[in-house]
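Trainee: Following is a predicted model, sequence given first.
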Amino acid sequence: MTTTDEMLALAASAASDMGAGATGAGAMVAEATVTVTEADLTVFRAAADAGADSVVVRALLAVRSTTPAGPAAASPAASPALLPSDPAWTAWLTTAAAIAGEAALATEAAADERTARTSRPAWCAVFGAAVALAGPPVSVHPVVPVTAAIAAGLDAAAIVESGLADWDGWSSGTVAAAIGAGLTAGLLLGLTGPRLRAAVGICATQAAGLRAAEGTDAFPLQVGKAAFNGVEAALLARAGLTAPAEPLDGRRGLFALFGSAPR
């Protein structure tokens, strides 16, 4: 079983939560190791609220929003009027806000316990992708439970992080976040079989993130972009775009590239 097969097995498990059947992983069904609840979504939205007026959110709104430039009046997770009807952009903005605001929740034991289940970038990006697709202003009617789709995405991100022996200067959580967000988005969009596999492949071609960005405004920006890439990849795969079938394993895959020693 390749790493991509393992992720599709997680997707099959998430789909089975609503009797949707396999999602192209054949008879393979993997148990999710992460349990996600509505309370976790509440924590994510609280983080986005806390970061709604951060420098990075202000900048993104000024550059890309269709609303007048200026500080966000409220959380991007809670204020549809602030957002254009583009789920990928919504994921970027909301995730960046959550990363910027998550530090404000670090003293809360509940938040610490939940975010400790996975790396901070992956946690925010996967939840951001889910909120962008399953909540206003752009809502889909998911064929899997939102919490199950998030759990599968978090597990997929953890698989990516564990697949590399040496990340060197790459931000492992940010690289993994794009793929986790893409799997979650694909599940919520109802992708199955080759199209869900293509979504993972499209994510892998765009995965990036520097460890050096941590502590700067570029960090929430790059994590938010990972969520954007994940949602966009799922939308592109739904439209029929193809990608490498095994983008992670092999001598030319993501693991070989990002795990290589510096020259």
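Mentor: That came through fine.
Trainee: Please make it C-alpha for all contacts and neighbour counts, starting now.
Mentor: Fine.
Trainee: quick one, helices of the protein?
Mentor: Secondary structure of the chain by DSSP state H: the helices cover 3-16, 38-50, 55-64, 87-102, 109-115, 120-134, 146-162, 172-188, 193-206, 218-238, 254-258.
Trainee: Reformat those as CSV; add mean neighbour count and mean pLDDT.
Mentor: What follows is the helices of the chain, written out as CSV (neighbours: other C-alpha atoms under 10 Å; pLDDT from 0 to 100):
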stretch, mean neighbour count, mean pLDDT
helix 3-16, 25, 89
helix 38-50, 20, 91
helix 55-64, 18, 90
helix 87-102, 30, 93
helix 109-115, 15, 47
helix 120-134, 30, 94
helix 146-162, 26, 92
helix 172-188, 33, 95
helix 193-206, 25, 96
helix 218-238, 28, 97
helix 254-258, 19, 85
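Trainee: For these, give me TSV that also has distance to residue 248.
Mentor: Written out in TSV, the entries for these read as follows (distance: least, C-alpha to C-alpha, whole Å):
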stretch	distance to residue 248
helix 3-16	7
helix 38-50	28
helix 55-64	31
helix 87-102	23
helix 109-115	25
helix 120-134	17
helix 146-162	8
helix 172-188	10
helix 193-206	7
helix 218-238	15
helix 254-258	5
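Trainee: And these: which comes nearest residue 244?
Mentor: helix 193-206 (5.5 Å; C-alpha to C-alpha).
Trainee: from memory residue 234 sits against residue 181, does it?
Mentor: No - with contacts counted by C-alpha atoms under 8 Å, residue 234 stays clear of residue 181, the gap being 9.1 Å.
Trainee: hmm, back to that, nearest to residue 245, out of the helices of the chain?
Mentor: Relative to residue 245, the nearest member of the helices of the chain by C-alpha to C-alpha is helix 193-206, separated by 6.5 Å.
Trainee: Quick one: distance of the closest one to the chain centre.
Mentor: Taking C-alpha atoms, centre = their mean, to the nearest Å, one finds helix 193-206 lying 13 Å from the centre of the chain it belongs to.
Trainee: Tell me if I'm right that residue 197 and residue 245 touch.
Mentor: Yes - the pair formed by residue 197 and residue 245 meets the contact definition of C-alpha under 8 Å, at 6.6 Å.
Trainee: so what pLDDT did residue 32 get?
Mentor: In this prediction, residue 32 carries a pLDDT score of 66.
Trainee: next one: residue 76
Mentor: The predicted local distance difference test score for residue 76 is 50.
Trainee: how about residue 51, what does it touch?
Mentor: Under the criterion of C-alpha atoms under 8 Å, 6 or more residues apart in numbering, the contact list for residue 51 reads 57, 75, 96-102.
Trainee: roughly how far apart are it and residue 225?
Mentor: Residue 51 is 16 Å from residue 225, where distance means C-alpha to C-alpha, to the nearest Å.
Trainee: swap in residue 151?
Mentor: 20 Å.
Trainee: Next: residue 58.
Mentor: The spacing between residue 58 and residue 225, counted by C-alpha to C-alpha, is 15 Å.
Trainee: before we move on, back to that, which among the helices of the chain is found nearest to residue 212?
Mentor: The closest approach between residue 212 and any of those, judged by C-alpha to C-alpha, belongs to helix 218-238 at 8.6 Å.
Trainee: Centre of the chain to that closest one, how far?
Mentor: Distance, centroid of helix 218-238 to centroid of chain: 7 Å (C-alpha atoms, centre = their mean).
Trainee: got it, and stretch 40-59?
Mentor: Counting by C-alpha atoms, centre = their mean, stretch 40-59 is centred 15 Å from the centre of its parent chain.
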